[in-house]
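>>> Here is a sequence with its predicted model. Questions after.
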Amino acid sequence: MLLPPWPLFSAFMVASIVLAVTPGPGVFYIVSRAAAQGRRHGVASVLGVAAGNLTNAVAAAFGLAARHARHGQRATGMLCIGLGLFTAISGQNQQPTTTRG
């Protein structure tokens, strides 16, 4: 039999549906960016998140996720670099704009 027993399979299906309909941080980022800066920036955010997801999926398909898991320090370093870049970019977006009257 290819499927697990019914109670286990049904619990898996319920958990999968709950996770699929729950918005994650990417959705909150896209919505807040679109609400604050307009449709153009919202679409750019969608494309950026989609590109990141695609890159992650391709890396996982080629086994790079397992390689990063074996080399935890390198993965942590890359995570810290990414966090620093994200913080710098978000800091630029939070600076008040001055208007000339």
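Cool, the structure landed.
>>> Determine the set of other helices and strands touching the helix or strand that contains Thr76.
Following DSSP states H and E, one finds Thr76 within helix 72-94. When contacts are defined as 3 or more C-beta pairs under 8 Å, 6 or more residues apart in numbering; DSSP states H and E, helix 72-94 packs onto helix 64-70. Where you see a C-beta, it was placed from the backbone N, CA and C, and this is true even at glycine.
>>> who's in contact with the helix it packs on?
Helix 64-70 has contacts (C-beta atoms under 8 Å, 6 or more residues apart in numbering) with Asn56, Ala59, Arg74, Ala75, Met78.
>>> farthest pair in those?
Spatial extent of the contacts of helix 64-70 (C-beta to C-beta) is set by the pair Asn56 and Arg74 at 16.4 Å.
>>> Domain map for the chain?
Domain assignment for the chain by automatic domain parsing gives 24-61, 66-92.
>>> Now tabulate those in a markdown table and tack on distance to Phe9.
Converted to a markdown table, the domains of the chain look like this (distance: least, C-beta to C-beta, whole Å):
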| stretch | distance to Phe9 |
| --- | --- |
| domain 24-61 | 24 |
| domain 66-92 | 27 |
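>>> Can I get the ones you listed in a markdown table including mean pLDDT?
Formatted as a markdown table, the domains of the chain follow (pLDDT from 0 to 100):
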| stretch | mean pLDDT |
| --- | --- |
| domain 24-61 | 90 |
| domain 66-92 | 79 |
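>>> Point out the most buried one among these.
Among the domains of the chain, domain 24-61 has the highest mean neighbour count (mean count of other C-beta atoms under 10 Å), at a mean of 13.
>>> most centrally placed residue in this protein?
Nearest to the centroid of the C-alpha atoms of the chain, with distances taken as C-alpha atoms, centre = their mean, sits Gly26, at 4.9 Å.
>>> Report the secondary structure element holding it.
Secondary structure (DSSP H and E) places Gly26 in helix 25-37.
>>> Next, the angle helix 72-94 makes with that helix.
20 degrees (axes from the mean of the first three to the mean of the last three C-alpha atoms, to 10 degrees).
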